[in-house]
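Colleague: here is the input, now give the coordinates:
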Amino acid sequence: MRVIVVGAGVVGTMHAWHAVNRGHEVVQIERETEARGASLRNFGQIWVSGRAGGEELETALRARELWEEIGRRVPDLGFRACGSLTPVRTELELAVAEAAIARPDAAARGYKLLTADEARAVNPALRGDFTAALWCERDAAVEPRTAQLALKKELLASGRYTFLGGREVREVIGERAVRDDHGDVHTGDAVILCTGAWLGGLVRELVPDLPVRRVRLQMMQTDPLGEELTTSVADADSFRYYPAYASEALDALNTGQAQAPTAAEHRMQLLMVQRRDGGLTIGDTHEYEHPFAFDLLDDPYEHLTEVVESFLGRPLPKIRRRWAGVYAQCTDTSRVVHRQQVRDGVWLVTGPGGRGMTCSPAIAEKTANELNW
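Modeller: Model (predicted):
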């Protein structure tokens, strides 16, 4: 079988990965010379802890298994089973953590409530002030800026993979074929469109009423911390944004403990992961209203700096990079992804939202299974 994959972000690359590893030939087409979108502009988190139950959690857990398997084959992914800690300070925050560990699926997520001393034993860099922490053993991380390149290198070694960068697919031609902006037609047994947040042009022509929206976020990265941050770290505001924490305790937190004004204005939470070079990737904000602003605002970065320093108990290293990213999210946020056959032999797969890095291996595996690759 010959598979045409359009888009070289993590979702597209995982579709290419499954096709090649099932013995098929793949041509992957990317409008940039290499992927530059949300698949690189993220934390690199394999984030099981906050996922909704049912299909979303099943997908995340399966993806976590696949990431670990792929990481053994491709060490340059930088896969590490680091887990995550969410420190809490108030009784209302603690109650949400306690409700989380009482969930029927808490063991599957690797939830455990730790005292402050136990949390510092797991992550000694957390010298700041907190009373307890929610531990999620199943969370993990990879290196987002280099993951696609590492996967591409492994795919090229198969001899059944061709990468065509700097080509924008403009048209679906009949069945199972597309034309790019060089005028070349690429024909296969299946075409998979994994266009990420690129929802105009060809995608709009194929699906005018696509139930997917775009979301903008701001993030930053620091100089090396100078010590190991052994886990990912979130703050209690993350409870407000992830469906796994829905409970009466969360309702009480939302009504009884307001977010800091900057955090509320920009729909913020803290997520923090250490990179291989020792720097910290820190975020994030959420902007939903179009057209998006083009400015990088300082207030969110100042808020995040204060929160991180309060957990670390020390000044944050110099901020080296600031950036914005845009991802595609199903308007029905309970859906893991939008997968639709848009022409004979042509499927569109988009809209995983903030789940993209986490769930992409399992999303692509499901596509491959449904198409009987």
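
Colleague: kindly check the end-to-end length of stretch 47-61 for me.
Modeller: 9 Å (C-alpha to C-alpha, to the nearest Å).

Colleague: that stretch - what's its average pLDDT?
Modeller: The average pLDDT within stretch 47-61 is 95.

Colleague: which secondary structure state does the residue nearest to Q274 when sequence neighbours are not counted sit in?
Modeller: Nearest residue to Q274 in three dimensions, chain neighbours excluded: L229, at 4.0 Å (C-beta to C-beta, 6 or more residues apart in numbering). No exception for glycine: its C-beta is placed from N, CA and C like everyone else's. Under DSSP: H, G, I helix; E, B strand; the rest coil, L229 falls in the coil class.

Colleague: from F311, how far off is L229?
Modeller: Distance, L229 to F311, using C-beta to C-beta, to the nearest Å: 10 Å.

Colleague: more neighbours, these two?
Modeller: Higher neighbour count among L229 and F311: F311, with 23 against 20, using other C-beta atoms under 10 Å.

Colleague: so the more buried one makes contact with L126?
Modeller: Yes - the pair F311 / L126 is scored as a contact, 5.5 Å apart, by C-beta atoms under 8 Å.

Colleague: now the common contact residues for these two.
Modeller: Counting by C-beta atoms under 8 Å, 6 or more residues apart in numbering, the contacts common to F311 and L126 are P87, V233.

Colleague: please identify the pairing partners of the helix or strand containing V342 and their relative orientation?
Modeller: Applying DSSP states H and E as the criterion places V342 in strand 338-343. Paired neighbours of strand 338-343 in the sheet (DSSP bridges): strand 346-350 (antiparallel).

Colleague: average model confidence for the strand it pairs with?
Modeller: 98.

Colleague: buried residues in that strand?
Modeller: Buried residues in strand 346-350, counted by 16 or more other C-beta atoms under 10 Å: V346, W347, L348, V349, T350.

Colleague: now the second one: how far from V5?
Modeller: Which is W347. Taking C-beta to C-beta, one finds W347 at 10 Å from V5.

Colleague: find residues that contact each of these two.
Modeller: Shared contacts of W347 and V5 (C-beta under 8 Å, 6+ apart): I192.

Colleague: follow-up on the earlier one: and which of the buried residues of strand 346-350 is nearest A236?
Modeller: T350 (31.3 Å; C-beta to C-beta).

Colleague: ok, that closest one touching L202?
Modeller: No - using C-beta under 8 Å, T350 is not in contact with L202, being 12.0 Å away.

Colleague: mutual contacts of the two, please.
Modeller: When contacts are counted by C-beta under 8 Å, 6+ apart, T350 and L202 are jointly contacted by L193, T195.

Colleague: can you list the weak-confidence ranges in the stretch 101-250 of the chain?
Modeller: For the stretch 101-250 of the chain, no stretch has pLDDT under 70.

Colleague: mind listing what's buried in the strand holding V342?
Modeller: H338, R339, Q340, V342, R343.

Colleague: which stretches of the stretch 151-300 of the chain form strands?
Modeller: Assigned by DSSP state E, counting those that start in this stretch, the strands in the stretch 151-300 of the chain fall at 161-165, 169-172, 177-180, 185-187, 190-193, 212-222, 232-234, 271-274, 280-283.

Colleague: show me which positions of the second one end up buried.
Modeller: It stands for strand 169-172. So for strand 169-172, counting by 16+ other C-beta under 10 Å, buried means V169, R170, V172.

Colleague: repeat for the fourth one
Modeller: Along strand 185-187, the positions that meet the burial threshold by neighbour count (16+ other C-beta under 10 Å) are H186.

Colleague: chain center to the longest helix anywhere in the chain: distance?
Modeller: The single longest helix within the chain, with elements called by DSSP state H, is helix 55-73. Relative to its parent chain, helix 55-73 has a centroid offset of 13 Å by C-alpha atoms, centre = their mean, to the nearest Å.

Colleague: please apply the same query to stretch 272-285.
Modeller: So, by C-alpha atoms, centre = their mean, the centroid of stretch 272-285 is 14 Å from its chain's centroid.

Colleague: quick one: end-to-end length of it, please.
Modeller: So stretch 272-285: terminal residues 13 Å apart, C-alpha to C-alpha.

Colleague: do the same with stretch 29-40
Modeller: OK, stretch 29-40 end separation, C-alpha to C-alpha: 17 Å.
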